[in-house]
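Peer 1: no sequence for this one, just the structure:
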């Protein structure tokens, strides 16, 4: 048999609304619509009140109360049977009603869920792992008829909103979640930096060493190893490095098309057929994969003609990649041996690959990166030295404080130069490997020299040279068509070949030179 509670009716002014009611915001438009529906059909669903002495106190149904107030009509309600002093039951009724309403703001809903959760824990005790009894998030989820995940998110948003104004002012749950995620990442970054500082302090307590170039050479020589990558990597435990840089031979015959000189050593880049290069690359990448952390990043420099080989190799080994390379544009660079045949090479592709689910620190950074081109004095004796700014950019995109970073074919060591520049903010644990003894020594010198000295190093001005008569005659042997109009050689040819001057003028008019 269904028991129907008696419905009472009182003027609005005789209903007491507690000041600590959970709901604070009422949308005017929805409230007017509710009042209009009352005007047409009356208040079909009564509110809930309780007696407190002579007063009638509202428990649930404040929107209905306000709609009746707008119309100037009495408020209909039933009386709650809980005792006057049973604040737990009264509060629970209010909170249960609130978390089921769709017209609450997201913050009101989350705060109601949190208050209900805390109220139940206060009444029954908080659930503990391995201990029977107590109120858990799952219990709150059952009351709210929501999933455990949904309730957990509500509890988190409510907690952050209490201490962060940006979260409180978020227009939607989705926006609040984004803000919270950013705050959590910032906190995580701070905690990692604090740990790195403590580790550094612990190491420095073992004995301070005077900072001199000689001592720095000794210190960095322990981080820059002379060895074959395959041999040295055996010394590291699996799943160790958080970020890896890899610049293997491109296998495109680069040494046959680039311009040499500038005091750099010769190097070999023997071309390989795609299937042979892939076999070599998969072997290398498999070795790196084993030493990379479960959630880590890889940056692989490669020749664009090997795009398909590079990305198919990465996928075969197990990396996640979208097959879209980063483009490093080296402003001012256009190196080529045969400028009459090929355009100058001014960019370099970089494959970005992920092992596991490590997120980028610098989110939404562009896939085109601009830096100055490496200068001859920056390269010293390394033919393919990179500008340290490209490593600085990539490290900042991927590294959290204290991350372990490796460049297993480091060449001139510019990754270490950039990593040291980030020492105050990231405290990276970086190492490099180089099999060539001369290049390894260069890497040590570069890291000691430092980012600022290398990046700001100016090229020595070439001394002005007055061409001799013999050199001018030699330079003009090919005729005027081979000379640059206006140059010293051009003027020399013009002055010494008056019989060809009319022909020269006609040629210039015809060609526009």
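Peer 2: It's in. These numbers come from a predicted model, not from an experiment.

Peer 1: And the strands in the stretch 251-400 of the chain, which stretches?
Peer 2: 292-301, 326-331, 347-355, 368-372 (DSSP state E, counting those that start in this stretch).

Peer 1: how far off strand 347-355 does the first one point, in degrees?
Peer 2: This points to strand 292-301. Inter-element angle recorded for strand 292-301 and strand 347-355: 170 degrees (by axes from the mean of the first three to the mean of the last three C-alpha atoms, to 10 degrees).

Peer 1: ok, back up a step: now tabulate the strands of the stretch 251-400 of the chain in CSV and tack on mean pLDDT.
Peer 2: Shown next, in CSV, are those (pLDDT from 0 to 100):
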stretch, mean pLDDT
strand 292-301, 98
strand 326-331, 94
strand 347-355, 97
strand 368-372, 93
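
Peer 1: Pipe those strands into TSV and attach distance to residue 224 and mean neighbour count per row.
Peer 2: To be clear about C-beta, it is placed using only N, CA and C from the backbone, and glycine gets the same treatment. Below are these laid out as TSV (distance: least, C-beta to C-beta, whole Å; neighbours: other C-beta atoms under 10 Å):
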stretch	distance to residue 224	mean neighbour count
strand 292-301	19	21
strand 326-331	23	17
strand 347-355	22	21
strand 368-372	23	15
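
Peer 1: Mind putting those strands into JSON lines with distance to residue 169?
Peer 2: Below are the strands of the stretch 251-400 of the chain laid out as JSON lines (distance: least, C-beta to C-beta, whole Å):
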{"stretch": "strand 292-301", "distance to residue 169": "33"}
{"stretch": "strand 326-331", "distance to residue 169": "36"}
{"stretch": "strand 347-355", "distance to residue 169": "34"}
{"stretch": "strand 368-372", "distance to residue 169": "35"}
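
Peer 1: Which pLDDT value goes with residue 93?
Peer 2: Predicted confidence (pLDDT) for residue 93: 61.

Peer 1: the strands in the protein, which residues?
Peer 2: With DSSP state E as the criterion, the chain has strands at 8-10, 15-16, 47-52, 55-60, 75-79, 224-226, 241-246, 292-301, 326-331, 347-355, 368-372, 404-407, 429-434.

Peer 1: and residue 430, what does it touch?
Peer 2: Residue 430 makes contact with 223, 404, 405, 406, 407, 415, 416, 419, according to C-beta atoms under 8 Å, 6 or more residues apart in numbering.

Peer 1: Return the member of the residues you listed nearest to residue 348.
Peer 2: Set against residue 348, the nearest of the contacts of residue 430 by C-beta to C-beta is residue 415 (14.7 Å).

Peer 1: And for the closest one, nearest residue in space, chain neighbours not counted?
Peer 2: Spatial nearest neighbour of residue 415, excluding adjacent residues (C-beta to C-beta, 6 or more residues apart in numbering): residue 407 at 4.2 Å.

Peer 1: of the strands of the stretch 251-400 of the chain, which approaches residue 378 most closely?
Peer 2: Ranked by C-beta to C-beta, the member of those that lies closest to residue 378 is strand 368-372, at 9.1 Å.

Peer 1: Which residues does the closest one contact?
Peer 2: Identification of contacts with strand 368-372 by C-beta under 8 Å, 6+ apart yields 326, 327, 328, 329, 330, 331, 332, 387, 389, 390, 393, 455.

Peer 1: Pick the one among those residues closest to residue 478.
Peer 2: Nearest to residue 478 among the contacts of strand 368-372, counting by C-beta to C-beta, is residue 332 at 29.5 Å.

Peer 1: my guess is the closest one meets residue 373, correct?
Peer 2: Yes - between residue 332 and residue 373 there is a contact under C-beta atoms under 8 Å: 4.5 Å.

Peer 1: Compare the two and say which is more crowded by neighbours.
Peer 2: More crowded of residue 332 and residue 373, by other C-beta atoms under 10 Å: residue 373, with 15 against 11.

Peer 1: how about the more buried one, what does it touch?
Peer 2: 330, 331, 332, 333, 346, 387.

Peer 1: Residue 449 - how many residues pack around it?
Peer 2: Residue 449 has 15 neighbours, counted by other C-beta under 10 Å.

Peer 1: Quick check: the gap between it and residue 443.
Peer 2: Going from residue 449 to residue 443 by C-beta to C-beta, to the nearest Å gives 11 Å.

Peer 1: Point out where the stretch 251-400 of the chain drops to low pLDDT.
Peer 2: 252-271, 333-338, 379-381 (pLDDT under 70).

Peer 1: mind listing what's buried in stretch 427-438?
Peer 2: Neighbour counts using 16 or more other C-beta atoms under 10 Å place 427, 428, 429, 430, 431, 432, 433, 434, 435, 436 of stretch 427-438 among the buried residues.

Peer 1: my bad, should have said stretch 488-495
Peer 2: For stretch 488-495, by 16+ other C-beta under 10 Å, it's 489, 490, 492, 493, 494.

Peer 1: quick one: the fourth one and residue 484 touch, right?
Peer 2: Right, the one you point to is residue 493. No - counting by C-beta under 8 Å, residue 493 does not reach residue 484; the two are 10.8 Å apart.

Peer 1: can you tell me how far residue 326 sits from residue 244?
Peer 2: Residue 326 sits 15 Å away from residue 244, taking C-beta to C-beta as the criterion.

Peer 1: mind checking how far stretch 55-67 is from the chain centre?
Peer 2: Centre-to-centre, stretch 55-67 and its host chain are 50 Å apart (C-alpha atoms, centre = their mean, to the nearest Å).

Peer 1: can you give me the end-to-end distance of it?
Peer 2: Across stretch 55-67, the terminal residues are separated by 21 Å (C-alpha to C-alpha, to the nearest Å).

Peer 1: about what we covered before: possible to save the buried residues of stretch 488-495 as a markdown table with distance to residue 351 and pLDDT?
Peer 2: Shown next, in a markdown table, are the buried residues of stretch 488-495 (distance: C-beta to C-beta, whole Å; pLDDT from 0 to 100):
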| residue | distance to residue 351 | pLDDT |
| --- | --- | --- |
| 489 | 46 | 82 |
| 490 | 47 | 77 |
| 492 | 51 | 81 |
| 493 | 50 | 83 |
| 494 | 53 | 81 |
